[in-house]
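Undergrad: Sequence first, then the predicted structure:
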Amino acid sequence: MTIAIALIALLLVSLWFHFAGGWSLPPLASNWSDIDLTIGITLAITGLVFIAVVVFMAYAVYRFRYRRQGRSQYQPENKRLELWLTGFTAVGITAMLVPGLYVYSDIVTVPDDAHQVEVLAQQWSWQFRLPGDDGVLGKTDIKRIGPDNPFGIDPVDPMGQDDRLVVSNRLHLPLGKPVQVLLRSKDVLHDFYVPQFRNKMDAVPGIVSSLWFTPVELGEFEILCAELCGVGHFNMRGAVVVQPPQQYQQWLATLPTFAEGAATAANAGLSPQAREGESLAQSQGCLACHGFETSPLAPSWLGLYGKTESFSDGSERLVDDAYLIEAIVEPAASLVQGYTNVMPAYTALSELQLAAIIAYIKERGGDGAESGQPDTAPISPPPPQPKEPAAPDTELDGATLAQTKGCIACHSLDGRAGIGPSWLGLAGSERTLADGRVVVADDAYLRRAMLEPAAELVQGYQPLMPPMPLSDDEVQALIDYMKQLSP
Ligand code: CUA
């Protein structure tokens with residue numbers, strides 16, 4: 001009886017969650033109402049079957065509960081029942097499949113008047129290419145992909161000369177015009193997904209996949225990568241801006257063409273110093289957490305320079321060169337409000353490198369003072385915070401430390417390759433160093449690897465890791481944690 005009641009309760013809670021739980025599709029913004037319809041049909045059929053099965057189960061559990069008298073009947077065959085069940089199942093499956101097949105045939109039939117847009121995915125960003133006035137995208141070749149030609153456009157193909165390149169993560173589209181999105185990937189599987197457009201598609205390295213839709217609502221919609229593609233997957237986002245056709249044409253006209261040397265449009269307008277800063281920001285892993293969009297991990301660099309930043313101790317300060325240097329070299333000294341202290345101190349950067357990164361933040365991120373930030377003159381700098389030693393009375397937990405100190409941004413815990421070696425099976429294993437020596441990863445080695453990472457570089461890795469400012473107890477807790485990962 002208890003189990004039967006529990007089953008019915010489970011059913012009621014499931015139904016309540018479905019109807020009142022607030023999990024619904026975002027408002028539709030494309031022509032694909034048919035996809036919603038098929039989802040609705042599938043949900044209705046599977047929902048009815050779910051209700052029927054649970055109710056029957058509850059009934060059977062109660063009706064045929066164990067009693068001392070009597071035995072169960074043995075009835076291996078029941079032709080009538082089997083026919084009924086087979087018939088019901090066949091009707092249910094057909095009802096789910098047939099509408100889907102109709103919609104699928106629409107999905108694979110691209111309308112003749114659709115214009116093309118190419119989406120280029122890579123870890124972890126989106127770029128876009130649009131055909132020029134000839135309406136045809138130029139030929140590409142992966143062998144030509146390089147810093148100066150991110151799309152790998154064939155420089156001798158006349159069709160490619162007028163291709164317009166968007167080397168940012170914002171794509172504009174005209175309202176009401178069907179668009180075929182061609183997808184390419186530079187590295188691993190990604191998936192182009194705008195929930196409001198319903199249709200989504202994988203970007204597969206080596207082939208061009210595609211999907212089409214017609215935007216029917218004005219507005220800005222978020223692009224999400226819907227395929228787990230590495231540590232930065234969560235941050236692989238962008239935006240589609242749907243505009244009236246005239247405004248779209250204006251935007252289109254602002255885009256540089258390939259012939260105009262737009263290949264480096266990401267860097268267009270950037271000084272050589274800022275370009276240097278860009279490659280540093282990539283190689284040092286800054287962009288894994290910072291970027292030019294909001295991220296839960298770290299303050300965005302968009303409009304950062306020149307704005308007034310608020311800190312967790314309540315103070316405020318103008319973001320200028322001096323502040324940025326301090327924030328890179330000694331990030332724990334003044335913590336920006338709303339963020340936790342996970343950034344390691346980058347003490348190994350030279351003055352020139354720091355200046356390059358700051359130039360990049362300034363030029364690429366724009367001036368925060370211009371973008372409506374009140375230009376309050378530098379308020380008194382925050383009082384220098386004494387470096388607090390880790391509270392000795394709290395039990396140090398290596399797993400938590402690995403997160404809060406940012407280790408797992410680069411070191412995986414499951415053997416996956418990352419920016420640094422995985423911690424799975426690391427402790428106690430033999431490591432081949434860049435200089436050819438072979439060492440055993442014992443406690444002493446692991447300690448050195450954290451405090452002085454550049455001294456013994458593991459073969460195949462770049463010297464990217466900053467020395468970690470860790471207390472002895474913290475080092476020990478992390479070593480203990482690594483040992484747990486290496487039974
Ligand atoms: Cu790209 Cu997930």
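TA: On my side now, so go ahead. Everything numeric here is computed off the predicted structure, so don't read it as measured data. Residues are numbered from 1 along each chain as shown.
Undergrad: For the residue in the stretch 251-400 of the chain positioned nearest to the ligand, which residues are in contact?
TA: Nearest residue of the stretch 251-400 of the chain to the ligand: Ala288, at 13.5 Å (CB to the nearest ligand atom). From N, CA and C alone the C-beta is placed, and that goes for glycine too. Going by CB atoms under 8 Å, 6 or more residues apart in numbering, Ala288 touches 231-232, 235, 409-410, 419.
Undergrad: Return the distance of whatever helix or strand it lives in from the chain's centre.
TA: Ala288 is part of helix 286-289, with elements assigned from DSSP states H and E. Relative to its chain's centre, helix 286-289 lies at 12 Å (CA atoms, centre = their mean, to the nearest Å).
Undergrad: next one: stretch 209-217
TA: On CA atoms, centre = their mean, the centre of stretch 209-217 falls 22 Å from that of its chain.
Undergrad: Just the buried residues of the longest helix along the chain, please?
TA: Using DSSP state H to define each element, the chain has its longest helix at helix 33-63. Of all the residues in helix 33-63, those buried under the rule 16 or more other CB atoms under 10 Å are 34-35, 38, 54, 57-58, 61.
Undergrad: now could you export just the CA positions of the helix holding Ala288 as PDB?
TA: Output in PDB follows, covering the C-alpha atoms of helix 286-289 (Å, rounded to 0.1, in the frame of the first residue of the first chain):
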ATOM      1  CA  CYS A 286      43.900  34.800 -19.300                       C
ATOM      2  CA  LEU A 287      41.100  34.400 -21.800                       C
ATOM      3  CA  ALA A 288      40.000  31.100 -20.200                       C
ATOM      4  CA  CYS A 289      38.300  33.200 -17.500                       C
END
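Undergrad: Residue of the stretch 351-487 of the chain closest to the ligand, please.
TA: For the stretch 351-487 of the chain, CB to the nearest ligand atom, closest residue to the ligand: Arg416, 13.8 Å.
Undergrad: That residue contacts Ser422, correct?
TA: Yes: if you go by CB atoms under 8 Å, Arg416 and Ser422 touch, sitting 6.1 Å apart.
Undergrad: neighbour-wise, which of the two wins?
TA: Ser422 (16 against 11; other CB atoms under 10 Å).
Undergrad: measure the closest residue to that one other than its chain neighbours to Val231 for me?
TA: The spatially closest residue to Ser422, leaving aside those adjacent along the chain, is Ser412, at 4.4 Å (CB to CB, 6 or more residues apart in numbering). Distance from Ser412 to Val231, counting by CB to CB, to the nearest Å: 8 Å.
Undergrad: So the residue of the chain positioned farthest from its centre versus the ligand, what's the distance?
TA: Most distant residue from the mean C-alpha position of the chain: Gln69, 61.5 Å away (CA atoms, centre = their mean). Gln69 is 61 Å from the ligand, where distance means CB to the nearest ligand atom, to the nearest Å.
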